[in-house]
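S.K.: Okay, sequence plus prediction incoming.
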Amino acid sequence: MTFLPHAPVLELTEVTRSYQSGNRKRTVLRGISYAFEPGRMYAVIGPSGSGKTTLLSLASGLDSPSTGTVRFRGKDVAELGLGRYRNRHAATVFQSLNLLTYMTAVQNITSAMEITGVQRGNKNQRAVELLDLLGVDAADHNRRTLKLSGGQQQRVAIARALACEVDILFADEPTGSLDHETAGGIISVFRKLAHDEGKCVVVVTHSREVADASDEVLQLKRGKLSAR
Ligand SMILES: Nc1ncnc2c1ncn2[C@@H]1O[C@H](COP(=O)(O)OP(=O)(O)OP(=O)(O)O)[C@@H](O)[C@H]1O
């Protein structure tokens, strides 16, 4: 199958999400439509409680919209199967990273490949390639991730997310706990993944630096998404 270079990789159409609390319904997202392209980095910004994480959950297949559709390369992710979409096409780096800290950087990646059923002969070699791509020092590849710095851990978590050769990478506040310089390194990684590797990178952030480094800045306000 061939794809047009600028055909959207991810499309949200009239997406809404409401939460029921007792007998009250609260609508967080109100009819959001947007098309995300490969090879671009997007920042999603907005005040606390505006629904950024909710939007990320729907776009990444962790949750389903109340109404509307989320499509990956034209196919409704509900039909594709949310588990399959998450394993094969769209990975998320969470704020908590969720690394297995008693395992090495390489083991974190190879075990993710095992769990998601990646068909690859030499998983170790692929893990090393990914860690190199993300700028993790060779000396750190076989260290337990518990022993790595916050910035290095973040890189390992991103490498693990990419282990399944996904097309879309989501990240929730990836620079929130990093100092300025380390955050700059992570921002460069995201830009490289979008511009050199053709990934669609979507970052939820409060950081001005991340927003400034992105190709598109999308603002969530009162349940609506607008390009800034
Ligand atoms: N599972 C849930 N059940 C009920 N309400 C929820 C649930 N998840 C989120 N909400 C509500 O939806 C609103 C948006 O939350 P969300 O976490 O998406 O915002 P956010 O923009 O990511 O906030 P922050 O920047 O503080 O992380 C909040 O009022 C929150 O309380």
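M.R.: Happy to help now that I have it.
S.K.: For the rest of this, base every contact and every neighbour count on C-alpha atoms.
M.R.: Fine.
S.K.: For this structure, which residues score under the pLDDT cut-off?
M.R.: Along the chain, segments meeting pLDDT under 70 span 1-6.
S.K.: What separation do you get for the nearest residue in space to Glu197 that is not next to it in sequence and the ligand?
M.R.: Using CA to CA, 6 or more residues apart in numbering and skipping the chain neighbours, the partner closest in space to Glu197 is Gly39 (7.2 Å). Applying CA to the nearest ligand atom, to the nearest Å, the value for Gly39 to the ligand is 24 Å.
S.K.: what secondary structure does Gly39 sit in?
M.R.: Three-state call for Gly39 (DSSP: H, G, I helix; E, B strand; the rest coil): coil.
S.K.: And Thr16, by the same measure?
M.R.: Thr16 - assigned by three-state DSSP - is strand.
S.K.: What residues are bridge-paired with it?
M.R.: Thr67 (DSSP bridges).
S.K.: May I have stretch 98-106 exported as PDB, CA atoms only?
M.R.: C-alpha atoms of stretch 98-106 as PDB (Å, rounded to 0.1, in the frame of the first residue of the first chain):
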ATOM      1  CA  ASN A  98       7.000   3.300  33.600                       C
ATOM      2  CA  LEU A  99      10.500   1.900  33.000                       C
ATOM      3  CA  LEU A 100      11.300  -1.500  34.600                       C
ATOM      4  CA  THR A 101      14.100   0.000  36.700                       C
ATOM      5  CA  TYR A 102      15.600  -3.300  37.700                       C
ATOM      6  CA  MET A 103      16.200  -4.000  34.000                       C
ATOM      7  CA  THR A 104      18.900  -2.500  31.800                       C
ATOM      8  CA  ALA A 105      18.100   0.000  29.000                       C
ATOM      9  CA  VAL A 106      18.400  -2.800  26.400                       C
END
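S.K.: So which bits of that stretch are buried?
M.R.: 99-100, 103-106 (16 or more other CA atoms under 10 Å).
S.K.: So which of the residues you listed are in helices?
M.R.: Within the buried residues of stretch 98-106, residues falling in helices by DSSP state H are 105-106.
S.K.: Can you add distance to the ligand and give the buried residues of stretch 98-106 back as JSON lines?
M.R.: Formatted as JSON lines, the buried residues of stretch 98-106 follow (distance: CA to the nearest ligand atom, whole Å):
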{"residue": "Leu99", "distance to the ligand": "21"}
{"residue": "Leu100", "distance to the ligand": "24"}
{"residue": "Met103", "distance to the ligand": "29"}
{"residue": "Thr104", "distance to the ligand": "30"}
{"residue": "Ala105", "distance to the ligand": "28"}
{"residue": "Val106", "distance to the ligand": "30"}
